[in-house]
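S.K.: Got a predicted structure plus its sequence, pasted below:
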Amino acid sequence: MPLKWLILSSIIGLSFAHVPGEDHHDREHHFMGPTDHGKASRGGNSPIRMSEIATRYVSPPLAPTYIHLLRHVPSQQFADFRPSQPLPISSTLSDITGQSLSSPFSPHEKSHSPFEPRFHVEREEISDEEWQQEILNSFQGSGLVPFVFDSIPAGLININFGTHNCVHMGTDINPESSAYEPSSVSWPSKDGLLYTLLLIDVDDQNKLHWLVINIPQDDLLKGDTVAKYSSPTPPLGHTHRYVMIVMSQEQYFVDLVVQRYSRNEACETHGNINLTDFQTAQGLSQPVAVNFFTVSHNIFVESILAYCGESVATRNR
């Protein structure tokens, strides 16, 4: 074939070659609104192209596309979206559309915050007499009155194990949560007074599980720990009651006064304590605040015992 005809055929072939944009797979895909299947309008019928969003409405090169933010925006709101400047990465959905948008899951629902809750619960106030009766009923029902206490003090100790375990006169706490000392303990206190706190297992001959003295008001962290907190380990097949008691002191205690109860490790055997003798010997008041919880045996108790070098068989003797 002569050279001039070869050149001419090449030129004609190029002119009829595939033109990008004429085939569906080469066209820029259109962004389809959630309700109109690609008919989102910009004032006419021209759909919004994905490439247009990427080039006009995103801050290059670090900002990601805003498609993930716009997927819940009604098509008309998106069609009116015309930022004159690139949007910062921290832009919110309201910043993009220029208006406050309601939730796509409930478009007419008013937004709420913790300071403006959706529901309001009326407060119920009870008298001091009713509160005392409630405490008395709980302690009598559990058998703590009259077998442990002759009477119930006016105060109740607030005890929390972590975020979700609040003790309220007999709450059942699992061994996993009670394995470590409470995250929060407080009680009604008076300025200038020192207090003693103890935790006992009344179903194991008043076994001592925790003893802290010289506590200013209810600041437990500033007290002196005599017996370190010991995890409740009720025997197999049993549920035990653990009672926390707070009493006021007449004076500051030196360590020698309570040395017989001293335990530096959680795994040390804390022994038992006679409440009446302890009160008399240390010059303590009657309990000013109390509370109690129960713990039932489960497999985690065996883990605690194993850590301390004991076994369930040894513990249950």
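M.R.: Now that the structure is in, tell me what you want to look at.
S.K.: and the nearest residue to residue 194 once chain neighbours are set aside, what pLDDT?
M.R.: Nearest residue to residue 194, sequence neighbours excluded (C-beta to C-beta, 6 or more residues apart in numbering): residue 249, at 4.4 Å. C-beta: built from backbone N, CA, C; applies to glycine. On pLDDT, residue 249 comes in at 94.
S.K.: State the mean pLDDT of stretch 286-296.
M.R.: 95.
S.K.: Now do the buried residues in that stretch.
M.R.: 287, 288, 289, 290, 291, 292, 293, 294, 295 (16 or more other C-beta atoms under 10 Å).
S.K.: Which pair of these spans the longest distance?
M.R.: 288 and 295 (24.5 Å; C-beta to C-beta).
S.K.: Determine the number of other residues adjacent to the residue nearest to residue 194.
M.R.: Around residue 249 there are 17 other residues, counting by other C-beta atoms under 10 Å.
S.K.: which residues does it contact?
M.R.: 193, 194, 195, 196, 213, 214, 282, 283, 284, 285 (C-beta atoms under 8 Å, 6 or more residues apart in numbering).
S.K.: tell me which element the fourth one falls in.
M.R.: In this case it means residue 196. strand 194-201 (DSSP states H and E).
S.K.: Next, the angle from the helix or strand just after that strand to strand 194-201.
M.R.: Next helix or strand after strand 194-201 toward the C-terminus (DSSP H and E): strand 207-216. Put simply, strand 207-216 runs at 170 degrees to strand 194-201, going by axes from the mean of the first three to the mean of the last three C-alpha atoms, to 10 degrees.
S.K.: average pLDDT for stretch 215-228?
M.R.: 95.
S.K.: what ranges of the stretch 101-250 of the chain fall below the confidence cut-off?
M.R.: Applying pLDDT under 70 to the stretch 101-250 of the chain flags the ranges 101-124.
S.K.: swap the cut-off to 90 and go again
M.R.: 101-137, 139-140, 143, 145-155, 163-164 (pLDDT under 90).
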